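*Asks:* Below are the sequence and a predicted model; questions follow.
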Amino acid sequence: MPSLWARPNGPVNQFAVNQAAFNQQAAVTPLMPATLVLLTAAEAVVPHPQNSAQAYVVPLSPNQGNEASPFDLVISGYLVSTTNSAMTFKLYSGKSLTVAANSLMASFTAVTQNNITCPFELHAHLLYDSVSGKMHGYFDGMVNFTLQAKTAITAQTGMNDNNNPVANFVLSLTSSLAAATTPTTLVIRNFTVG
Amino acid sequence: MSLWQRPNGPQSIAASPTSQAGLNVQGAPVAMPPATLVLGGTTETVVAHPQNSAIAYVCILSPNQGNEQVPFDLVASGYVTTTNTTNITIKIYSGTSLTVGSDTLLGASSAVAVNTAKCPWEVHLHLIYDSVSGKMQGYIEGLLNNTLITKAAISATLTGINDLNNPVANFVISCTSSASTGPLPATFVVKNFTVG
């Protein structure tokens, strides 16, 4: 049974690699983990693992019973740093690789990682309704065994449960001292919502 | 369906034609309509049942559902609309009454400004009971107009709880709008009020 923290909506597979042979039942191909390698200190949105020209977008589908009922967005994986670097995750509403083209929802507190590999989990608890058109919520999580205090998100507007998708989400990472010789690698294993 | 829609909730009252299956048609539960509370004054008011305004909108926790000594959640959510500058306060009670004083307060939001606006809200109680101590305890948290309801222990330990009681417990919800009047009402809509 999948974890409660693997939610029903996730990134979309870009290729038709999940075609079944004749007389063989089709099965969904699991999406490979997404990897972001930072060689500079610039903030970067995580690209799609099958097409680096696009962002790794999690769409929230319409009419899934989330209207005026809370739901969760969960991102988890691991981080590898090769220097004493401060890691800052940011969650956006949007679907662009260009940071400024997205709408900031949550800026997680920077956590310093010193030449270490560690798991991370980012969690947003969200709520919208089509009458107010607003999406509110809070975020928390854990990076390198450091807890993120529960904090309200930046409210989003224009929400409607009939929009398809209702919303898109992307994640970015900044590693303060990442360089070509001291890269930071982010691997996302689970990026789901619902 | 979201994890935050729990298996138990208010019960439908009326055996209306819309809830009756036709001949040779398989029956299916009728979805409960949202409950709407229109506040034309500043008095705290328990949300009434959408099918019978003479009784409260009661969320019922059924017995023998595996909740004995296992934590479970109560989730209420919806939206609120105000038509003037006002503060909204949401409270959750144990009880079945439309009369606030007859129910037992479990937790409340702070008074949050919702000034001529519409916004979503959520109240979440994480609860646990056992039939040996007979106590139900837990905590409340939530969100109102993007203002967090700080996690806090529920206001009162419920006693006399037994997993064989039917129901094990009942819950109601109230809303107060600090400056609502007849011409300037606040409307509080409950879309999801479930427990389990």
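*Replies:* The structure has been received and is ready for your questions.

*Asks:* OK, contacts around the residue positioned nearest the centre of chain B?
*Replies:* With distances taken as C-alpha atoms, centre = their mean, the residue of chain B nearest its centroid is B:Ile173 (4.1 Å). B:Ile173 is in contact with B:Val46, B:Val47, B:Tyr57, B:Cys59, B:Ala76, B:Ile90, B:Lys91, B:Ile92, B:Tyr93, B:Val123, B:Val190, B:Phe193, counting by C-beta atoms under 8 Å, 6 or more residues apart in numbering or on different chains. (C-beta placed from N, C-alpha, C; glycine too.)

*Asks:* next one: A:Asn63
*Replies:* With contact set as C-beta under 8 Å, 6+ apart, A:Asn63 has these partners: A:Asp161, A:Asn162.

*Asks:* and it, what element?
*Replies:* Using DSSP states H and E, A:Asn63 is not contained in any helix or strand.

*Asks:* So for the spatially closest residue to A:Ala167 that is not a sequence neighbour, what's the pLDDT?
*Replies:* With C-beta to C-beta, 6 or more residues apart in numbering or on different chains as the criterion, A:Ala167 has its nearest non-adjacent residue at 4.7 Å, and that residue is A:Leu60. Looking at A:Leu60, its pLDDT is 94.

*Asks:* burial measure for A:Leu60, as a count.
*Replies:* 26 (other C-beta atoms under 10 Å in any protein chain shown).

*Asks:* Over to B:Ala186?
*Replies:* 26.

*Asks:* quick one: contacts for it?
*Replies:* Neighbours of B:Ala186 in contact, by C-beta under 8 Å, 6+ apart: B:Val38, B:Leu39, B:Val80, B:Thr81, B:Thr82, B:Thr83, B:Thr86, B:Ile88, B:Val114, B:Cys175, B:Ser177, B:Ser180.

*Asks:* so the last one, which of the three states?
*Replies:* In other words, B:Ser180. Classification of B:Ser180 using DSSP: H, G, I helix; E, B strand; the rest coil returns coil.

*Asks:* quick one, what contacts it?
*Replies:* Contacts of B:Ser180 (C-beta under 8 Å, 6+ apart): B:Leu39, B:Gly40, B:Gly41, B:Thr42, B:Thr82, B:Thr83, B:Asn84, B:Thr86, B:Ala186.

*Asks:* what's across from the most centrally placed residue in chain A in the sheet?
*Replies:* Against the mean C-alpha coordinate of chain A, by C-alpha atoms, centre = their mean, the closest residue is A:Leu171 at 4.4 Å. Beta-bridge pairing for A:Leu171 (DSSP bridges): A:Leu91.

*Asks:* And the pLDDT for it?
*Replies:* 98.

*Asks:* and what of B:Pro33?
*Replies:* 77.

*Asks:* Now it: phi and psi?
*Replies:* B:Pro33 adopts backbone torsions of phi -70, psi 160, taken as degrees, to the nearest 10.

*Asks:* Once you drop chain neighbours, what's closest to it?
*Replies:* B:Pro50 (4.7 Å).
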